[in-house]
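Asker: give me the fold of what follows.
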Amino acid sequence: MTAATDAAQARWFRDQNGRAGGIRLFCLPPAGAGASTFRGWPEMLGPGVQVTAIQLPGREDRIREPAYDRLDGLLDELVPVLAGALDGPYALFGHSMGALIAYEAARRLVAQGAPPPVHLFASAHGAPHAPYRRSYVSSLPEPEFKRAMMSLNEIPKAAIEEAAFLSLLLPTLRADFQLCETYRYADGEPLPCRLTALVGADDDVSPMDLALWRELNTGPFRIRVIDGDVTFLVKHRRQVAEVVRAGLAGEF
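Answerer: Numbers count the residues shown, from 1 in each chain. Predicted coordinates:
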């Protein structure tokens, strides 16, 4: 591994249990969140899974870097770093915006000749080719944008209401929502891997949009319902971890 590769991985990767071997699980957080979202996952998933959380620009220890507001630009930088780390079986987990990033990263990796993931976990997000059903908020003036963020369950209220932190986080949230609002699905080959779509029992993801994930892979497919709303990734993380553990073990 070269010094440049080491440096690139150090920017993007937060290995939660070091170089543990086994299946490497790359985890992508939702809008506004960072790699710490996946802290504690190694203990819940057990041995044989190396948890690598992706630290996107514009949050936590990269909060002073501008966040990407277009998915293609983000993938142009992230995918080569992922490709350089594929030295064995791997899987991807993404929640909300992270599900979109994980899916398109997997497509690029396969298109560039990398081995496919053994499993894709798409959490709290309808299939990428389903209609975008949220309100378009990224171009709102700051007062209206702030109110829109405060109305979303997935953004912690404490983060939105803390003025000093909010001044740092708002540009990242705006970029994240712009990334999602400007995304356009392009037809392509389905992924040759297992795919699990996770959704909260009280989430607002359309069942039809969730079921459309089935068209995007050629391996086994399942939907798993977790307690709660879109915040289930944190509030019911043990349920999520059990779904991931079973999926990686091929127990469905």
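Asker: so which residues make contact with stretch 178-190?
Answerer: 31, 67-71, 74, 97, 100, 107, 110-111, 128-129, 132, 134, 136-139, 215-218 (CB atoms under 8 Å, 6 or more residues apart in numbering). Heads up, the C-betas are built off the backbone N, CA and C, glycines and all.
Asker: so after the lengthiest helix in the chain, what's the next helix or strand?
Answerer: Ordering each helix of the chain by length in residues (DSSP state H) puts helix 163-182 first. Using DSSP states H and E, the helix or strand that follows helix 163-182 towards the C-terminus is strand 194-200.
Asker: following that next one, which helix or strand comes up?
Answerer: Note on strand 194-200: by DSSP H and E, the next helix or strand toward the C-terminus is helix 207-211.
Asker: which residues does I54 form beta bridges with?
Answerer: Beta-bridge partners recorded for I54 (DSSP bridges): F13.
Asker: so it sits against C27, correct?
Answerer: Yes - at 6.5 Å, I54 counts as touching C27 under the criterion of CB atoms under 8 Å.
Asker: walking through the stretch 1-150 of the chain, point out its helices one by one.
Answerer: 3-12, 41-45, 71-83, 97-111, 142-150 (DSSP state H, counting those that start in this stretch).
Asker: for the longest one, packing partners?
Answerer: With contacts defined as 3 or more CB pairs under 8 Å, 6 or more residues apart in numbering; DSSP states H and E, the packing partners of helix 97-111 are strand 23-28, helix 71-83, strand 90-95, strand 119-123, helix 163-182.
Asker: can you list contacts of it?
Answerer: For helix 97-111, the external contacting residues (CB under 8 Å, 6+ apart) are 26-31, 71, 74-75, 78-79, 82-83, 86, 92-94, 116-117, 120-125, 128, 176, 179-180, 183, 188-189, 191-193, 216.
Asker: and that helix, which residues are buried?
Answerer: In terms of neighbour count (16 or more other CB atoms under 10 Å), helix 97-111 has its buried residues at 97-110.
Asker: count of residues packed around D187?
Answerer: 5 (other CB atoms under 10 Å).
Asker: before we move on, what about the one 4 residues further on?
Answerer: One way to gauge burial is a neighbour count; for L191, by other CB under 10 Å, it gives 21.
Asker: same question, G34
Answerer: So G34, with other CB under 10 Å, has 20 neighbours.
Asker: got a pLDDT number for it?
Answerer: With respect to pLDDT, G34 scores 95.
Asker: next one: R224
Answerer: If you check R224, the pLDDT there is 97.
Asker: what helix or strand is it located in?
Answerer: Counting by DSSP H and E, the element that carries R224 is strand 221-226.
Asker: list the buried ones in that strand?
Answerer: Buried residues in strand 221-226, counted by 16+ other CB under 10 Å: F221, R224, V225, I226.
Asker: for these, which one is nearest W41?
Answerer: Closest approach between these and W41, by CB to CB: I226, at 14.9 Å.
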